[in-house]
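Novice: below: sequence and its predicted model.
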Amino acid sequence: MDTIDKIVEEFNRMVMLKAPVADIAALLESMHEKPAYLELLGAMSANSQAVLDLDVLRQWPEEYLSVLSLFLLRLPCIPLTNKFPCGKKELAIAEALQDDSVPKITRVQLWRTLLMENYIFPYYKEGKVWKIPPALYEHHAVRRWLCLTKHDGWEDLICSDPHFFGGDIRNQFKTDEDKQALAAIENDSPSALMMPLSIRGEELLVKYARATMALGACKIATYLYNDGNKTFCRNFSPRKLLLFVCANWNNDASVPFVIMLEKDNPGLVKNTIDAFGHDALWYTLYQHKRFTPLAASVGSHEPDALGKALIELGCDPDRQNSLGLSYNDLA
């Protein structure tokens, strides 16, 4: 492989001469196994953001989509003053995601880059003014911002990550009683959690309800739901339980729990659609490590047991969201 200086020189020459997009993509592909070179190219070339042009993204060859993602991940995030926290890169991704003239497979890859590959975004601080194109709302940091600022749809999106309820729930357990309750939740023991509360004549605390869901304590959640526990049911409606379980519980217990919710609330699974056109099946995409790395080829992923159950209960894997993408497109 040439030195990085020669690669930068060749890249600049190709951009200036308006070389075919396929040729530029092939040059980046030659660095696929050396991501550090891609990062250096992004930093050293004054023309590195040429790939952000919408016409370039429309023409980007399918076989080189993986390296496009790698390059975008390594381009620096430079927010624009009047568009904070977005820079040219984020605005270009947003424009491409919502443009039907960009091939769907390219838009899918951009979505995966944004959501699944640790795309770096500034951390929202309360009081800071953010201006975010709607197409970027899937990113974890943007979903967090939407929830903290209570934008439209936040009541459902808050279920996509337990940290949106206030950080690591374990940090809220300080006293001896709290630690005893946390141990019961971690062991998923309804009696160990509720008996000490009953003896002390205390109600279930909100943080105990949230920890139950965040830590996937299915037995406790089932008990509290069936018992009609006031604290639990006030903080987790059947709709919220459904979306939370689909987004965060990646275990066999999630299927009977969802079936229980549907039995008690007929039509819940089919009719639960958030403000962005997402059903419970889509919320399974928020599970951590849902997809293989971008370096691997985009293959077919059959729905897991939970996905199959949701489809049987009424979710449509071909339902299009506000970006015109469906679960089947992503999976």
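Specialist: Looks like it came in fine.
Novice: so which helix or strand takes in the residue of the chain most remote from its centre?
Specialist: In the chain, residue 199 marks the outermost C-alpha relative to the chain mean, sitting 41.4 Å out by Cα atoms, centre = their mean. Residue 199 is part of helix 190-200, with elements assigned from DSSP states H and E.
Novice: tell me the buried residues in that helix?
Specialist: Neighbour-count burial for helix 190-200, with 16 or more other Cβ atoms under 10 Å as criterion, is recorded at 190, 192-194, 197. C-beta here means a position set from N, CA and C on the backbone, and glycine is covered the same way.
Novice: quick one: mean pLDDT over stretch 276-288.
Specialist: Predicted confidence along stretch 276-288 averages 93 (mean pLDDT).
Novice: buried residues, it. List them.
Specialist: Neighbour-count burial for stretch 276-288, counted by 16+ other Cβ under 10 Å, picks out 276, 278-287.
Novice: using CSV, list the CA coordinates for it.
Specialist: Backbone C-alpha positions of stretch 276-288 (Å, rounded to 0.1, in the frame of the first residue of the first chain) are rendered in CSV as follows:
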residue,chain,number,x,y,z
PHE,A,276,-42.0,7.7,14.5
GLY,A,277,-44.0,4.8,13.1
HIS,A,278,-42.3,2.1,15.1
ASP,A,279,-44.0,-1.0,16.6
ALA,A,280,-42.7,-3.3,19.3
LEU,A,281,-40.8,-5.4,16.7
TRP,A,282,-38.8,-2.3,15.8
TYR,A,283,-37.9,-1.8,19.5
THR,A,284,-36.0,-5.1,19.5
LEU,A,285,-33.5,-3.3,17.2
TYR,A,286,-32.5,-1.2,20.1
GLN,A,287,-31.1,-4.2,21.9
HIS,A,288,-27.3,-3.9,22.4
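Novice: which residues touch it?
Specialist: Contacts with stretch 276-288, where a contact means Cβ atoms under 8 Å, 6 or more residues apart in numbering, come from 115, 137, 153, 156, 159-161, 242-243, 246-248, 250, 258, 269-270, 272-273, 290, 303-304, 306-307, 310-311, 315-317, 319-322, 327, 330-331.
Novice: also stretch 163-179?
Specialist: For stretch 163-179, with Cβ under 8 Å, 6+ apart as the criterion, the contacting residues are 143-144, 147-148, 157-158, 162, 181-182, 196, 200, 207, 210-211, 214-215.
Novice: send me it as CSV with only the CA atoms.
Specialist: Presented in CSV, the C-alpha positions along stretch 163-179 are these (Å, rounded to 0.1, in the frame of the first residue of the first chain):
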residue,chain,number,x,y,z
HIS,A,163,-30.5,4.8,31.4
PHE,A,164,-33.0,7.3,30.1
PHE,A,165,-34.8,7.0,33.5
GLY,A,166,-31.8,8.6,35.3
GLY,A,167,-28.5,6.8,34.7
ASP,A,168,-27.2,3.6,36.2
ILE,A,169,-30.1,2.5,38.5
ARG,A,170,-27.6,0.7,40.8
ASN,A,171,-26.1,4.0,41.9
GLN,A,172,-29.5,4.9,43.5
PHE,A,173,-29.3,2.1,46.0
LYS,A,174,-27.4,3.5,49.0
THR,A,175,-28.9,2.3,52.3
ASP,A,176,-28.7,-1.2,53.8
GLU,A,177,-32.4,-1.7,53.0
ASP,A,178,-31.7,-0.5,49.4
LYS,A,179,-28.9,-3.0,49.0
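Novice: pull out the buried positions in stretch 19-26.
Specialist: When burial is assessed from 16+ other Cβ under 10 Å, stretch 19-26 yields the following buried residues: 21, 24-26.
Novice: right, I mislabeled it, should have said stretch 25-42
Specialist: When neighbours are counted by 16+ other Cβ under 10 Å, the buried residues of stretch 25-42 are found to be 25-29, 31, 37-42.
Novice: in what helix or strand does residue 329 lie?
Specialist: In the assignment (DSSP H and E), residue 329 maps to helix 327-330.
Novice: mind putting the buried residues of helix 190-200 into JSON lines with distance to residue 109 and pLDDT?
Specialist: Rendered in JSON lines, the data for these read as follows (distance: Cβ to Cβ, whole Å; pLDDT from 0 to 100):
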{"residue": "190", "distance to residue 109": "44", "pLDDT": "98"}
{"residue": "192", "distance to residue 109": "47", "pLDDT": "98"}
{"residue": "193", "distance to residue 109": "44", "pLDDT": "98"}
{"residue": "194", "distance to residue 109": "48", "pLDDT": "97"}
{"residue": "197", "distance to residue 109": "49", "pLDDT": "95"}
